[in-house]
Each structure stands twice: as C-alpha cells, then as structure tokens.
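need a structure here:
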Amino acid sequence: MSKGFGEAAWWGFSPALDLLQRANLDFSNCEDSGQGSTPPDGVKLLLVGAADLRHVMRTLEKAKQHTSRPLHFYVVEHSMETIARHMLFLTLITEPAEKLGLQEKVELFMELYGNMMVRPQSDQYLKRKATELIRIITDGDQQRISLPFLDTGTLKFKDRDALEAIFKRWRAPPPTTTQLESHWDLRLRQHLGTQYDTRRGVFDWDYHMKLTEMAPPLSCREYVHWREVGVAFQLRSDASYGVLNSTLLSYKLIRHGLHDIPVCGYWGDIVSSPYLSFGIDSEDKQLLKDHCGEELKKSSQLVTEHNLLSTFHQLLTGDPYKSTPANVSLPVVVEEEYKEEGGEGNITKLKKEEVRVEGEVRVEGEGRVEEEQIEECREFNKEPANAVKPEGPLLNGSCHIIFLSPSLISDMAKKAQYRHLFQVAYFSNSMVHALKDGIEAVFAPNCEVITETAEYILDLTKEQKVQFVTKSTELAINAGLKLSSPSSGTTHLHFVAPPVHSLN
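Residues are numbered from 1 along each chain as shown. Next up, the predicted model:
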C-alpha cells in the first residue's frame, strides 16, 4: 500500500470499533431456515487482518448493550507474529490482580504495544511470559488453565511451530537485532530518501497537514518523537527505554545477489503511528477538556491510558470504570514552537507541564509533572484488599477467541463448517482484497460486513484514498453485498449480506 505502511502489521490503522453497534442480531426469522440459522452458543464474528485486538476489546466492552449471547471471535492475521502478540496481550490483561495491578497492566500493554524500545523490567516480564506462552502453545491442558477463552485448535502444526519459534525469539533475540535503533533509522533513510536530513520538517508537515484534524488528541511533540526514534509511550519520565521490544521483530526476504536472504528486523509502520487504535478518541469527553471546557488535544498518550484503563476494567469485572478523582485531573502539556536549526518547519517541543488541583493550575517545572499527583490518580485505581471481584466477559465464559491459520482465508469459503456462519465480518484495509473467491459463502443472512478504509495511511493522497474506497466498494458489491448508509465517517465502510432467501 505504501513504503511507510511496512510489511508487518503491529497495530491497527483506525480507532477501535464496536462491531455489534450496527449488526442485525434479530435471528427470529432465520431459526428454522436451515441456512445461516443462529448457532445456539452465540454470535460469530470474523476479523481479517485487524492487526491488534482493539475491535475485540471494544466489542466485548459494549456487548451487554446489544445481546446476552456469548460472542465468538474468529481471528485471521497476516502472520503468526501478530497472533503471538495477541496471545501475549491476552495473557497480560488476564494476569491475577495480586500479581499485576490494573495500572501496571495498562502501562506494560502500552509499552510493549507501541514502543520499539522498552524498559529493562518490561523486557524481563516479556521473557517470563514467552516461556509461559511456549507451554501454552505446546500443552493443551496448560492453555485451558491459563487462557480458557482461547482456542488454537484450528491452527496447523506449522503455525504452532512458528509460534513456538517466535516466543523463543522473544527470550533470545538474534544478535544482529540488539541495536534495533539502527533498523529504525535505516527504514527512515529508505523511506525519506533525500529528505532524510530535513526529516523533522517532514514529520512536522505530516502532523500539521495530515493528522491534526483526523487525530485531535495527538500532539506534535508525541508524533515527531515517535517518528524520530520509534517510542510512542513514555509513562515514566525518569525511566530508561533502552532495551529492544522483540515482539516487533519479524523476518523479511532481502535480495542478495541471486538469492533471497531472510533478515530479522523492524519491518512495520513508520508513518501512521500506534496512537490510532486507542489514543485519538474517547467516550469520556471530559478527558479532552479543561476546567473551562476548552479542548486541550495535547496528549494521545493520556487518552490511550484512560481508554485502556476503562476497557481492561470492564473486560475483567463487567463494571464501568470509575474515573480519576474530581479534584485531580490529568496533566496539561504546555508547548512552545521552535525553529529547527538547518531544518524546515516549526517543530513542537515540551516546555512545561502543569497539574490541576481543585481548579488551581500549578506549574511543576520544565518538562516534568509531579509524580505525587500522578501517583494519587494511580492509587485511586487500585482495587481494595479482599474486595469481592465480579467477572467480566474475558473471565465469565461469555467470550471465545479462535485463532485461524493465515492461509485459511483463501479456502474458508470451501469449508462446510464456515458456511453462512458469521453474523459480523471485518476486513482491514490490507486484507479487503479477500472479498472475492466466493468469500460471501461464509456470511450469514443479513451479515454486517465492515471494511476499513485507507484514511489513516498518510503516504496516500486524497485521490488515492478515494480510489481505495471505490475499489473496496466494487469488491463488496461483486461479492453480493449491499452498501449500508450512512457509513462510520471516513474510516470504515458498512455493507450487508443478502437475506436468507437470496443465499444459495
């Protein structure tokens, strides 16, 4: 799609979506049809190439509003590296509270999700989890104990072997990848070419001309820093982010002479950013306003942290998340503009940060927020000792996640067990081409089919994005789908499968 897009999918390119919001979950007319009748054990959802679990988490968070039936997510990804990351994050989210608190889970998730370089303690956690995940993928009994809602039974033996190799690579990355910063810099040089020496001006241009309207909470400071070094989330100002995040490693075949040589490195996105999935919108609109009601739009990291705290809490307990205390709001970032020496464009850098306490603004020094204020918010999120803990959808048996082999999507329509199975289907912008080869045979009557647009692929022009939407629509219509109106803004297109009498 574009060079900056990369060849490995580590995060999504659109905000998290509630997949049931527009789905037709009235099954009364098809229970006796013999075709596409609703399975007694719940609603089936297919996700193709989503790259992360944002849609799964968002849908589970909102499920009670739509149905009391269990939800079964069938997940197909580009590669087993992405599936491996799914397993890691599911393990992290469901860690017992006595081992890992809610705030710690969110911080670890953000760091391992979007940072090329992580803290030493995060790397140690990853290595421990890699060993545990090897046991899970090689021992069915261990999987049922650790992740009872997960099903890897449909994966091929070669897929399981690949997962084991990936987890081992997390424990002991290849020696050539120990300086992953050089891989990031190499990607930048290849992508920018002659603009590399003025790259900060390029980053600033991309932010102001392409992202400010699409991602209001994202600050220029955050985006430019990520584009420069590959670190999106720095939750501890005094921490050292000096160890490579080996979950972002993958192999790419590089032509060397007459042969293709597999090279391990970072081959993911270097343009759009990991902020898009969780950090550019929030249901809590107060998060984006100060005490006077003016929108701040200054930190995607804070929005991401709040959204994940809310989602994790609901997934684990089933209860809505309680926000931070009324007298302590989130830190406000005050920025200044400066001209890069020898470069082009204005670059935003951090000048000061403020903490709001009971409506009063206090400046806490250059570039640092008082840790006591942040810790007060974090202490508020801790569960009281010996509290009775209700169970959310990840723990109470109302959710089932099935990982499918990457090669299955081309053959799925030919397999009887998937015929008219799915009430909802989602296709990412990199996998929308899968809407062919008879794939419509897997859609249940009135199935809601959602395709992701290329809105957040920054390397594409407006004309190319329009062409992408046109091509996606043609593929869907050729598959027998009907365009549903209106669609979800510019980020997704919605289609509906024919009713039962039209299916073969």
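
quick one: low-confidence ranges for the protein?
1-2, 26-40, 176-181, 288-298, 323-390, 485-489, 500-504 (pLDDT under 70).

didn't Thr91 look like it was pressed against Leu147?
Yes: counting by CB atoms under 8 Å, Thr91 does reach Leu147; the two are 6.7 Å apart. Placement of C-beta: from N, CA and C, glycine included.

mind listing the shared neighbours of those two?
Shared contacts of Thr91 and Leu147, defined by CB atoms under 8 Å, 6 or more residues apart in numbering, are found at Ile136.

ok, and what's touching stretch 248-266?
Outside stretch 248-266, the residues within contact range by CB under 8 Å, 6+ apart are 7-8, 10, 79, 81, 116, 169, 173-174, 176-177, 180, 183-184, 186-187, 230, 267-268.

swap in stretch 112-131?
11, 52, 85, 88-89, 91-92, 108, 111, 167-168, 170-171, 180-181, 184, 226, 229-233, 236, 239-248, 266, 273-275.

residue boundaries of the helices in the stretch 51-200 of the chain?
In the stretch 51-200 of the chain, the helices defined using DSSP state H, counting those that start in this stretch lie at 54-62, 80-93, 102-114, 120-138, 140-146, 157-171, 180-192, 199-206.

in this structure, which residue is most central in space?
Residue closest to the mean C-alpha point of the chain, counted by CA atoms, centre = their mean, is Asp52 at 4.0 Å.

next one: it relative to Phe109, how far apart?
11 Å (CB to CB, to the nearest Å).

tally of neighbours for Trp184?
Counted with other CB atoms under 10 Å, residues neighbouring Trp184 total 22.

leaving out the residues flanking it, which one is nearest to it?
Gly230 (4.6 Å; CB to CB, 6 or more residues apart in numbering).

can you give me the offset of stretch 413-431 from its chain's centre?
Distance of stretch 413-431 from the chain centroid (CA atoms, centre = their mean, to the nearest Å) equals 21 Å.

change the start of the numbering to 366 and stick with it
Noted, 366 is the first residue going forward, which turns the last one into stretch 778-796.

any idea how far apart the tips of it sit?
Distance across stretch 778-796, first residue to last, is 16 Å (CA to CA, to the nearest Å).

ok, and for it, which residues are buried?
Of all the residues in stretch 778-796, those buried under the rule 16 or more other CB atoms under 10 Å are 778, 783-796.

filter those residues down to the ones in strands?
Judged by DSSP state E, the buried residues of stretch 778-796 include Phe787, Gln788, Val789, Ala790, Tyr791, Phe792 as members of strands.

list the residues that contact the third one.
Spelled out, it's Val789. Val789 makes contact with Leu384, Leu385, Ala388, Val408, Lys409, Leu410, Leu411, Cys812, Glu813, Val814, Ile815 under the criterion CB under 8 Å, 6+ apart.

again, only using 6 Å
Leu384, Ala388, Leu410, Glu813 (CB atoms under 6 Å, 6 or more residues apart in numbering).

which of the residues you listed has the most neighbours?
Leu384 (28 neighbours).

hmm, Leu425 and that one touching each other?
No: in terms of CB atoms under 6 Å, Leu384 does not count as a neighbour of Leu425; the distance is 9.8 Å.

hey, what's in contact with both of those two?
Joint contacts of Leu384 and Leu425 (CB under 6 Å, 6+ apart) do not exist.

so Trp376 makes contact with Pro639?
Yes: Trp376 sits in contact with Pro639 when judged by CB under 6 Å, with a separation of 4.4 Å.

buried subset of the contacts of stretch 613-631, written for PyMOL?
Buried members of the contacts of stretch 613-631, defined by 16+ other CB under 10 Å, are picked up in PyMOL with:
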select buried, resi 373+375+444+446+481+534+538+542+545+548+549+552+595+632+633
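
can you count the residues close to the residue nearest to Asn794 when sequence neighbours are not counted?
Once flanking residues are discounted, Asn794 sits nearest to Glu817: 4.4 Å by CB to CB, 6+ apart. Using other CB under 10 Å, the number of residues around Glu817 comes to 29.

and the end-to-end length of stretch 585-603?
The straight-line separation of the ends of stretch 585-603 (CA to CA) is 21 Å.

ugh, wrong one, stretch 797-808
From its first residue to its last, stretch 797-808 covers 15 Å (CA to CA).

just to revisit the earlier point, restricted to strands, list the contacts of Val789.
Per DSSP E, those map to strands at Leu410, Glu813.

ok, so of the contacts of Val789, who is nearest Leu520?
Distance to Leu520 across the contacts of Val789 (CB to CB) is lowest for Leu410, with 18.4 Å.

what bridges to the closest residue to that closest one other than its chain neighbours?
The spatial neighbour of Leu410 that comes closest, neighbours along the chain excluded (CB to CB, 6+ apart), is Val789 at 4.4 Å. Taking DSSP bridges as the rule, Val789 bridges to Leu410, Glu813.

how near is Val789 to Leu382?
Val789 sits at a distance of 10 Å from Leu382 (criterion: CB to CB).

contacting residues around stretch 418-432?
Residues from elsewhere that reach stretch 418-432 (CB under 6 Å, 6+ apart): 377, 381-385, 390, 436, 438, 451, 642, 676, 679-680, 758, 764.

neighbours around the residue nearest to Leu498 when sequence neighbours are not counted, how many?
Take Leu498 and drop its neighbours on the chain: the residue closest to it by CB to CB, 6+ apart is Phe532, 4.8 Å away. Using other CB under 10 Å, Phe532 is surrounded by 25 other residues.

now do the contacts for Phe532.
Counted by CB under 6 Å, 6+ apart, Phe532 has contacts Ala495, Leu498, Ile499.

how close does Arg536 sit to Leu583?
For Arg536, the distance to Leu583 (CB to CB) stands at 34 Å.

what about the two, which has more around it?
Neighbour tally, Arg536 and Leu583, criterion other CB under 10 Å: the higher count belongs to Leu583, 25 against 15.

got the contact list for that one?
Counting by CB under 6 Å, 6+ apart, Leu583 touches Tyr640, Ser665.

next, Phe598: phi, psi?
The phi/psi pair for Phe598 (degrees, to the nearest 10) reads phi -120, psi 120.

so how many other residues sit close to the nearest residue to it once chain neighbours are set aside?
Nearest residue to Phe598, sequence neighbours excluded (CB to CB, 6+ apart): Met475, at 4.3 Å. Counted by other CB under 10 Å, the residues lying close to Met475 total 21.
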